[in-house]
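Visitor: this is a predicted model, with the sequence first.
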Amino acid sequence: MNNNNQEQEIDLKQLFYLLHSNLKIIILITILVGMITFLVSSYLITPEYSSTVKLYVNNKTIVNTESLTTSDISAAQQLVGTYVAIIESDLVLNDVIEKAGVDYTPEQIRQMMTADSVNNTEVFYVTVQGENSMECAEIADEIAKISTTKIAEIVEGSSVRILDRAKVNSNSVYPNVGLNTAIGFLLGFVIICLVVIVSDLLDTKIKVEEDIEAITDIPIIGFITEY
């Protein structure tokens, strides 16, 4: 036998027949895994909510906005990183914890926060994510209010204004039940198909006459039927 016949192969027609003959179990396992993923995402994973505030920064206090120059805007964009660092400091977060009346440490608040500029502009956002939607909104609002004062005290000539206050979000941001369920269905389908294919490849039983040809490299000229 040549090297090609020493390896068991499966062509597309055989693959289609194999999967089709196991269609019921494939559908069953796919649905089962998808439903398990849905139930776990919906009932076993604690949902998390987020609230976001947006702030606008200037590199100096300007009463007449028409006097803003390109260099002013560029400097404001560069200051966003500085302002975010100030907001994440213990100095600000200790005040936030006290005003919001929450039982967290500054480090825990930092882990709940994300802050960055909006499309590299002088506008930046602070998002707070946690298990309590009202608490997240309260913390985000206090961060916005306290940071405007603290930044003005620390950075000379700075100006920070609140554009959007935090809102209580009743829709969870984690977990994404729809996405998780879709992934569950897909994984279930792929896994059961692989199991079916591998099981067939490892099965050494002769089922049809073509299997004898594949193993012995000898053409079949006839066969005896079972009575």
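Guide: It's in. Numbering: from 1, shown residues only.
Visitor: make it CA atoms for all contacts and neighbour counts henceforth
Guide: Will do.
Visitor: domains for the protein, by residue range?
Guide: For the chain, automatic domain parsing gives the domain ranges 3-44+175-216, 49-164.
Visitor: deepest of those domains, which one?
Guide: Neighbour counts (mean count of other CA atoms under 10 Å) averaged over each of the domains of the chain peak at domain 49-164, with a mean of 18.
Visitor: okay if I get the domains of the chain as JSON lines plus mean pLDDT?
Guide: Listed next are the domains of the chain as JSON lines, based on pLDDT from 0 to 100:
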{"stretch": "domain 3-44+175-216", "mean pLDDT": "84"}
{"stretch": "domain 49-164", "mean pLDDT": "86"}
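Visitor: please list all residues in contact with A115.
Guide: A115 sits next to V84, F124, Y125, V126, T127 when contact means CA atoms under 8 Å, 6 or more residues apart in numbering.
Visitor: given the longest strand anywhere in the chain, what are its sheet partners and their directions?
Guide: The longest strand of the chain (DSSP state E) is strand 49-58. Here strand 49-58 is paired, per DSSP bridges, with strand 123-130 (antiparallel), strand 159-164 (antiparallel).
Visitor: packing partners for the helix or strand just after the first one?
Guide: On the C-terminal side of strand 123-130, the nearest following helix or strand under DSSP states H and E is helix 133-154. Judged by 3 or more CA pairs under 8 Å, 6 or more residues apart in numbering; DSSP states H and E, helix 133-154 is in contact with strand 49-58, helix 70-87, helix 90-100, strand 123-130, strand 159-164.
Visitor: now helix 133-154 and strand 123-130, what's the angle there?
Guide: If you take axes from the mean of the first three to the mean of the last three CA atoms, to 10 degrees, helix 133-154 sits at 140 degrees to strand 123-130.
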